[in-house]
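>>> Below: sequence and its predicted model.
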Amino acid sequence: MKIDEKKKEIQKKYRMEVRKRRQEQENDKNYTKEVVIVVTFVVLFIFFFYTLQGF
């Protein structure tokens, strides 16, 4: 009986650790996407600013 309880506790800890890792990976992906979007906006803003200045 005690072995089963210990096994369940270990599995629970492992699952929680896996969830933490997945959440961290998702946060990193979201951060990367946000950086790409912001850089794209800045580049487009600069491009259009100088392009429209010529008219």
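Okay, I see it. Numbers count the residues shown, from 1 in each chain.

>>> which residues touch Lys2?
Listed by CB atoms under 8 Å, 6 or more residues apart in numbering, the contact set of Lys2 is empty. Every residue, glycine included, has its C-beta placed from N, CA and C.

>>> Could you check the pLDDT of it?
The model reports Lys2 with a pLDDT of 81.

>>> With Tyr50 instead?
90.

>>> can you give me the helices in this protein?
Using DSSP state H, the helices of the chain run over residues 2-53.

>>> which stretches of it aren't confidently modelled?
1, 55 (pLDDT under 70).

>>> which residue is nearest the middle of it?
In the chain, the C-alpha closest to the average C-alpha coordinate belongs to Asn27, at a distance of 2.4 Å (CA atoms, centre = their mean).

>>> and the gap between that residue and Glu17?
Computed as CB to CB, to the nearest Å, the Asn27 to Glu17 distance reads 16 Å.

>>> same thing with Glu26?
Counting by CB to CB, the gap from Glu26 to Glu17 is 15 Å.

>>> How about Gln53?
In terms of CB to CB, Gln53 sits 55 Å off from Glu17.

>>> The two: who's more crowded?
Higher neighbour count among Gln53 and Glu17: Glu17, with 10 against 7, using other CB atoms under 10 Å.

>>> Look up how far Ile3 lies from that one.
Distance, Glu17 to Ile3, by CB to CB: 21 Å.

>>> ok, now Tyr31?
On the measure of CB to CB, Tyr31 and Ile3 end up 42 Å apart.

>>> Which one's more surrounded, these two?
For Tyr31 versus Ile3, neighbours defined as other CB under 10 Å are more numerous around Tyr31 (10 against 7).
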